[in-house]
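Enquirer: Please work out how this folds:
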Amino acid sequence: MRHVIVWMSLCVLMILMLSAAPLPTALAQDGATATPTPLMPEAILKRAEEALQRADEIAQASDRALETVSRMLSFLETVGAIFGFILALATTVGVGFFFYIQRRANKALNEAEQLRNQAETTLSDIRSQGELAARAAMLLQVGAQQIRAHNNNAAFQALSEAHKIDPNNPAVNYYLGELYSERRDLDRAVELLQASAKDFPPAEAALGFALSLKARDEQDSNKRNRLYAQAEQHFLSALERDPEARDINGASFYGVLGGMYRRQGRLDDAIRAYSQAAKVTPHSSYPLNNLAMLYLMQEKHNEAQETFKRSKTIASRAVDGDPFDYWARFDLITAHVALGEYSDAQKQLDFLLDSPPQSNVLKSFMSGLEFIQQAVRDEAKRAQIGQIIACVQALIAKQEQAEQASA
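Expert: I've put the predicted structure just below:
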C-alpha cells in the first residue's frame, strides 16, 4: 500500500506543477501592462490596445488553471472513495494499518482542498487585476480620443477614472497632468507630471509648463525666479531628449518654451524658440502667430504683417478641416484683428458662442487681442478691437457661470 500512497502523491505533485505553470507568465504579462512608457500619443494608444489583449489572455489562463485544479481535487476525492472501500476490508487484514492509511489519505485530501482554495483565491485576484487593467486601458483610449476631439471635459472624466484604477500609470498621469494645467490646478498638475516625467519627454516638458504657470502667479520674486529656472531646466532636458515633443494639443513644446521666455521679457530667446517650433510643426499657426506678436513688440511691423498673413492662411485651412479646433480659430481671429479685418474676426468669434472652450483658455486668447490693441495707435482701430475684446469678455463671464454651476 505504500506504493499506492507514493504513486498518488507523485500524481498530485505533477498535476500541481502543470496547473501552476501558466500563472507566472500571466502575472508577468499583467505586470507589464501596469506601467506603459509611451513616447507619443499614438504609442500610448498602441500600448492600451496591447493591454486589452493581454488582459483577455490572463482571463483565459485563469479559467484553464482553475479547471485543472478542480480536476485534481475530483481525482483525489475519487482516490479517497477507493480508500474508504479498502477500509471496509480492514477487519480482515489489519485495523491499525488501514487507519494509518486513512489518516494519510485524509491529510492529503485536506491539503489538496487548501491548495484549491488558495488557487481559486489567486486566480480570482489575477482575473480581477486583468479586468482592472483592461478597464484602465480602455479609459486611457477614450481619454486620448476625446482630447483629439477637443472634448477635454469628457477626457478629464475618463482619465480621472483610469487614475483611480491605475494611479501609477505614467501615460494616464501625463494626460491628466496636462488637463490639470489647463484647469489651472497647478499643484495637482505638477504632482502627476513629476510621477511620469522620467518615462517620456512630453511629460517632462509638460512639467516645465506647469512650473512656468506657477512662476507667473508667484508674487515673491525669488520664488518666481527659482520656479522659472526649474521650468526652463525641464523644458530643455525634455527637448534635448526629443526635439519634436508636442503637447496634448499637438503644439511643439518649443512654442510653449517661447511663451515662457516672452513672459520673462527674453524676446530674442522667445523668437528663437518660436522659430524652432515653426520648423517642428510647419502646418501649425500657433508659432507663427506668436512670432508675429514678438515682431510687433520689437516694432518690426512689416515682419509682423507678413507673419500674420502666413498664420491666417494656415489657421483657415485648419478650421476648415476641423471646425472644433478652437486653438486654430483663436489664431485666425487674432490674425484677422492684427490685419485690420474686423468683420471677419467677428464672424469667427460668433462660431465660438455655441460651444465655447474653458474660461481659462478664453482668457489666454483675450490677452493676445489686448496686446494687439495696445500696439495699434489709430484710435478708430483700437475702438473696433475693443468691441471684439468686449465680446470675448462676455463669453468668459458666461462660461465661468456655467463652470461654477457644474462644479
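Enquirer: Give the buried residues for the helix or strand that contains residue 397.
Expert: Using DSSP states H and E, residue 397 falls within helix 379-406. Across helix 379-406, burial judged by 16 or more other C-beta atoms under 10 Å covers 384, 385, 388, 389, 391, 392, 395, 396, 399. Quick note: C-beta positions are derived from backbone N, CA and C, even for glycine.
Enquirer: so which helix or strand takes in the residue lying closest to the fourth one once chain neighbours are set aside?
Expert: This means residue 389. Distances taken as C-beta to C-beta, 6 or more residues apart in numbering put residue 369 closest to residue 389, at 5.2 Å, once the chain neighbours are dropped. Counting by DSSP H and E, the element that carries residue 369 is helix 359-375.
Enquirer: Just the residues contacting that helix, thanks.
Expert: 182-184, 289, 293, 296-297, 326, 330, 333-334, 337-338, 356, 382, 385-386, 388-389, 392-393, 395-396, 399-400, 403 (C-beta atoms under 8 Å, 6 or more residues apart in numbering).
Enquirer: can you give me the angle that helix makes with helix 379-406?
Expert: 170 degrees (axes from the mean of the first three to the mean of the last three C-alpha atoms, to 10 degrees).
Enquirer: then helix 359-375 to PDB, C-alphas only?
Expert: Presented in PDB, the C-alpha positions along helix 359-375 are these (Å, rounded to 0.1, in the frame of the first residue of the first chain):
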ATOM      1  CA  SER A 359     -12.800  80.200 -19.400                       C
ATOM      2  CA  ASN A 360      -9.000  79.900 -18.700                       C
ATOM      3  CA  VAL A 361      -8.400  79.200 -22.400                       C
ATOM      4  CA  LEU A 362     -10.500  82.200 -23.400                       C
ATOM      5  CA  LYS A 363      -8.600  84.400 -21.100                       C
ATOM      6  CA  SER A 364      -5.300  83.400 -22.700                       C
ATOM      7  CA  PHE A 365      -6.800  84.100 -26.100                       C
ATOM      8  CA  MET A 366      -8.000  87.500 -25.000                       C
ATOM      9  CA  SER A 367      -4.600  88.500 -23.700                       C
ATOM     10  CA  GLY A 368      -3.300  88.300 -27.300                       C
ATOM     11  CA  LEU A 369      -6.100  90.600 -28.500                       C
ATOM     12  CA  GLU A 370      -5.400  93.100 -25.800                       C
ATOM     13  CA  PHE A 371      -1.700  93.200 -26.700                       C
ATOM     14  CA  ILE A 372      -2.600  93.900 -30.400                       C
ATOM     15  CA  GLN A 373      -4.900  96.700 -29.200                       C
ATOM     16  CA  GLN A 374      -2.100  98.300 -27.200                       C
ATOM     17  CA  ALA A 375       0.200  98.100 -30.200                       C
END
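Enquirer: sorry, back to before: could you report the pLDDT at the residue nearest to residue 389?
Expert: On the pLDDT scale, residue 369 is placed at 93.
Enquirer: switch to numbering from 183
Expert: All right, first residue 183 from here; so that's residue 551.
Enquirer: How many residues are close by it?
Expert: Neighbourhood size, residue 551 [other C-beta atoms under 10 Å]: 22.
Enquirer: Tell me which residues touch residue 501, please.
Expert: Taking C-beta under 8 Å, 6+ apart, one finds 507, 510, 511, 514, 530 in contact with residue 501.
Enquirer: Could you rerun that using 10 Å?
Expert: 467, 507, 508, 509, 510, 511, 512, 513, 514, 515, 530, 533 (C-beta atoms under 10 Å, 6 or more residues apart in numbering).
Enquirer: Next: residue 519.
Expert: 490, 526-528, 530-531, 550-551, 554-555, 558, 563, 566-567, 570-571.
Enquirer: Could you rerun that using 8 Å?
Expert: Per C-beta under 8 Å, 6+ apart, neighbours of residue 519: 527, 551, 554, 567, 570.
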